[in-house]
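Enquirer: For reference, the sequence and a predicted model appear below.
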Amino acid sequence: MKRFLFGGILGCLFGFALGIFIYPFWFLNEAATEQLVQNSARVEIAKGEFIHANPSDPVHYGKGHVTLFNEGDGRKTVHLADDFQVGPGPAFHVYLVDHTKVRTAADFNDANKVDLGKIRAFRGSQIFPVPASADMSTFKSVVVWCKEFGVLISPATLKKGNSS
């Protein structure tokens with residue numbers, strides 16, 4: 001009886017863990033294809049590239065480019081480029097962060113940040129509006145963070161841009 005109970009509990013735990021990692025692949029594997037609308041007044045504020053912050057962690061990674069734009073009408077946007085990709089997981093959010101080199105969860109937690117919302121796909125082009133109250137001059141990085149488990153997924157340090 002004890003073996004049966006132990007096996008049942010172990011099976012449930014394994015099934016739950018497997019579901020957390022497999023679910024995103026089954027239902028969220030589509031690439032996002034949000035494109036910027038032609039806008040001659042758009043100015044590039046900054047750009048960066050996502051990195052794998054902890055190479056010893058094969059699950060939490062990211063890559064691709066990100067650009068911050070002033071749309072010319074008072075709106076500002078963050079654009080994850082077509083080459084954007086992160087490893088799958090629950091509740092990944094995009095943040096603007098006031099620290100230059102975010103490499104650990106402690107770096108992220110110590111920073112002032114603005115949550116731009118949940119990513120819509122684990123790869124592909126996505127656009128996030130920046131709240132009007134956000135002072136863009138204070139932000140030095142864009143970070144993908146797992147809100148569910150408090151894990152750093154991928155940071156991108158920003159460099160000031162030119163007109164585009």
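Expert: It's in. Numbers count the residues shown, from 1 in each chain.

Enquirer: Please, where are all the helices along the protein?
Expert: Listed in chain order, the helices found in the chain under DSSP state H are 2-27, 105-110.

Enquirer: List the buried residues for the shortest one?
Expert: By neighbour count, with 16 or more other C-beta atoms under 10 Å as the criterion, the buried positions of helix 105-110 are Ala105, Asp107, Phe108. In short, each C-beta sits where N, CA and C put it, glycine included.

Enquirer: Please apply the same query to stretch 127-135.
Expert: Ile127, Phe128, Val130.

Enquirer: Pick the one among these closest to Gly62.
Expert: Taking C-beta to C-beta as the measure, Gly62 sits nearest to Phe128 out of these, at 14.9 Å.

Enquirer: Show me the beta-bridge partners of the closest one.
Expert: Beta-bridge pairing of Phe128 under DSSP bridges involves Val78.

Enquirer: can I assume it is in contact with Lys118?
Expert: No. Using C-beta atoms under 8 Å, Phe128 makes no contact with Lys118, being 9.7 Å away.

Enquirer: what residues are shared contacts of the two?
Expert: With contacts defined as C-beta atoms under 8 Å, 6 or more residues apart in numbering, the residues shared by Phe128 and Lys118 are Val94.

Enquirer: what's the pLDDT at Arg42?
Expert: Looking at Arg42, its pLDDT reads 94.
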